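Novice: got a sequence here, can you build the structure:
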Amino acid sequence: MAETRRAALGVRGEEAAVAWYRSASYEVLDRNWRCAEGELDIVARSREGEVLVFCEVKTRNSLRFGSPFEAVTPAKQRRVRAVARSWLRSARRAGARYEHIRFDVAAVTSGVGGVLAVEVLQDAF
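Specialist: The predicted model follows:
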């Protein structure tokens, strides 16, 4: 039961982060993209196509166990970079080219009444 609630909160957190990127004029290219190395939560690009963003989303009910940003450890950062390389290889096969790449972390927290707050740390790593 608790696992189901946690999974539902995670899905809501990713939805909130996607909404944040869209409201900031980014086009979401992929969500939950998977390969042998792992998964990317969100892949987005600026409307002008000049910036490609790989975003790791961390959602928490409270800050009791620390900030969501703290959950993106150096090991997690290495995994995200490895998966991003795989995504880029697949995009290049499709003819896409990107000049500027950024790694963001979206911290989503559940507030009073279950309202989600989204804070995005751009160029987090």
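
Novice: in stretch 28-45, what counts as buried?
Specialist: Across stretch 28-45, burial judged by 16 or more other C-beta atoms under 10 Å covers 28-29, 31, 33, 37, 40-45. Quick note: C-beta positions are derived from backbone N, CA and C, even for glycine.

Novice: equivalent analysis for stretch 113-125, please.
Specialist: 116, 118, 120-121, 124-125.

Novice: out of these, which one has the weakest pLDDT?
Specialist: Note: of those, the lowest pLDDT belongs to Leu116, at 92.

Novice: my guess is that one contacts Glu14, does it?
Specialist: No - Leu116 is beyond contact range of Glu14, at 10.4 Å (criterion: C-beta atoms under 8 Å).

Novice: between these two, which contacts overlap?
Specialist: Common contacts of Leu116 and Glu14, defined by C-beta atoms under 8 Å, 6 or more residues apart in numbering, comprise 59, 108.

Novice: where are the low-confidence patches of the protein?
Specialist: 1-2 (pLDDT under 70).

Novice: so what's Cys55 up against?
Specialist: Applying C-beta under 8 Å, 6+ apart, the residues contacting Cys55 are 17, 21, 40-44, 103-106, 120.

Novice: so which of those belong to helices?
Specialist: 17, 21 (DSSP state H).

Novice: just the ones in strands from the contacts of Cys55, please.
Specialist: Counting by DSSP state E, the contacts of Cys55 place 40-44, 103-106, 120 in strands.

Novice: next, format those as CSV and append distance to Val72.
Specialist: Shown next, in CSV, are these (distance: C-beta to C-beta, whole Å):
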residue, distance to Val72
Leu40, 13
Asp41, 11
Ile42, 13
Val43, 16
Ala44, 17
Phe103, 9
Asp104, 10
Val105, 5
Ala106, 10
Val120, 12
